[in-house]
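S.K.: return a 3D structure for these sequence lines:
(chains A, B, C and D)
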2 protein chains.
Amino acid sequence: MNISETARITGLPAKTIRYYEEIELVRPDRQDNGYRDFNDTHIHQLRFLARARALGFGIDDCRSLLALWDDRDRASADVRHIAQTHLKDIERKIADLSAMRATLSHLVDTCAGNDRPDCPILNSLADT
Amino acid sequence: MNISETARITGLPAKTIRYYEEIELVRPDRQDNGYRDFNDTHIHQLRFLARARALGFGIDDCRSLLALWDDRDRASADVRHIAQTHLKDIERKIADLSAMRATLSHLVDTCAGNDRPDCPILNSLADT
DNA sequence: CTTGACCTTCCAGTGACAGGAACCCTTATC
DNA sequence: GATAAGGGTTCCTGTCACTGGAAGGTCAAG
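M.R.: Model prediction:
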């Protein structure tokens, strides 16, 4: 299967699929003319990757998860550990962003947003 | 004032301050020996930048905010617009991350995390 | 035979720095 | 006067996960 059809099926851009081959997340065959050739296994791997990336897993985690998926003797604890570490990371980011939101929304609310120059947002950034 | 003292006062790494000069966010003088020389204005600008970055503003926004700060004839509406756009951006990120967290925490909760290979996390990523 | 839609590789850019090499300046000490 | 420590400087590379684009090969249709 050609790359554009593969892209259509997996929902991944062709560029991304080529990149995944370059970093050896997926290893498509080659047709006689040099075109990449994806089979069902590759499609499944790419769909797996698309879902893992959509959950925010980094490429290294994706590589580990793919390997665990492929390993019939895996321990679910290994999978869970990766997911939980990532979950903590996400929660930290949410906390950071929430703090920013709190400060910013307060500032935006108190700024008149008119033609005058006085602005609590700039005052807060300048402080003293 | 030398860069290391400036770094200490502003809380920014010296590397970051050099980078800000490179992209012309700040324009320190030079001493006779070629060392950068920061005065009070530069310090204020750097502290301003540190606060704006801590609120998640991108470099381009920081540049605009610095210019508005410097402009006595600014309209607070311009400042507010930048802040509100950024706030929306943050809220979108929080929403995205929250969705990931919901899915992930559910999966982590339902995964036994033991020596056995069966794992709802992988099942979910593989789907069909 | 040409057109257009594919495909290929390779190179550069993104954002906001961080790490490190190679080298200069200043001050103190031996 | 030599040297060592602790500043400073520039320049290059790497980060992360792609994205855009150029130059050129391949294929099916009209």
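
S.K.: is chain B within reach of stretch A:102-110?
M.R.: Yes - counting by CB under 8 Å from any CB of the partner chain, chain B has neighbours in stretch A:102-110: A:103-105, A:107-108. Where you see a C-beta, it was placed from the backbone N, CA and C, and this is true even at glycine.

S.K.: quick one: contacts of that stretch?
M.R.: A:120-121, A:124, B:55-56, B:80, B:83-84, B:86-87, B:90 (CB atoms under 8 Å, 6 or more residues apart in numbering or on different chains).

S.K.: who in chain A is up against DNA strand D?
M.R.: A:13, A:15-16, A:19, A:32-34, A:53, A:58-60 (CB under 7 Å from any atom of the strand).

S.K.: now the lengthiest helix in chain A: buried residues?
M.R.: Identified as the longest helix of chain A according to DSSP state H is helix A:76-110. In terms of neighbour count (16 or more other CB atoms under 10 Å in any protein chain shown), helix A:76-110 has its buried residues at A:76, A:78-80, A:82-84, A:86-87, A:90, A:93-94, A:97, A:100-101, A:103-104, A:107-108.

S.K.: what does the strand or helix carrying A:Ala52 contact?
M.R.: Using DSSP states H and E, A:Ala52 falls within helix A:40-54. Residues from elsewhere that reach helix A:40-54 (CB under 8 Å, 6+ apart): A:1, A:6, A:9-12, A:17, A:20, A:25-28, A:38, A:61-62, A:65-66, A:69, B:100, B:124-127.

S.K.: can you list the contacts of stretch A:102-110 in a markdown table and add pLDDT and distance to B:His44?
M.R.: What follows is these, written out as a markdown table (pLDDT from 0 to 100; distance: CB to CB, whole Å):
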| residue | pLDDT | distance to B:His44 |
| --- | --- | --- |
| A:Pro120 | 96 | 18 |
| A:Ile121 | 96 | 16 |
| A:Ser124 | 96 | 14 |
| B:Leu55 | 97 | 17 |
| B:Gly56 | 96 | 21 |
| B:Arg80 | 97 | 22 |
| B:Ala83 | 96 | 20 |
| B:Gln84 | 96 | 25 |
| B:His86 | 96 | 22 |
| B:Leu87 | 96 | 25 |
| B:Ile90 | 96 | 26 |
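
S.K.: check those residues against DNA strand D and report the nearest one.
M.R.: B:Gly56 (16.7 Å; CB to the nearest atom of the strand).

S.K.: can you tell me the element the closest one falls in?
M.R.: Taking DSSP H and E as the definition, one finds B:Gly56 inside no helix or strand.

S.K.: same check, this time on A:Ala7
M.R.: Using DSSP H and E, A:Ala7 falls in helix A:3-10.

S.K.: whether that helix contacts chain B - can you check?
M.R.: No - judged by CB under 8 Å from any CB, helix A:3-10 and chain B are separated, with a smallest distance of 12.2 Å.

S.K.: quick one, the helix or strand just after that helix and helix A:40-54 angle?
M.R.: Once helix A:3-10 ends, the next helix or strand along the chain (criterion: DSSP H and E) is helix A:14-22. Per axes from the mean of the first three to the mean of the last three CA atoms, to 10 degrees, the angle that helix A:14-22 makes with helix A:40-54 is 110 degrees.
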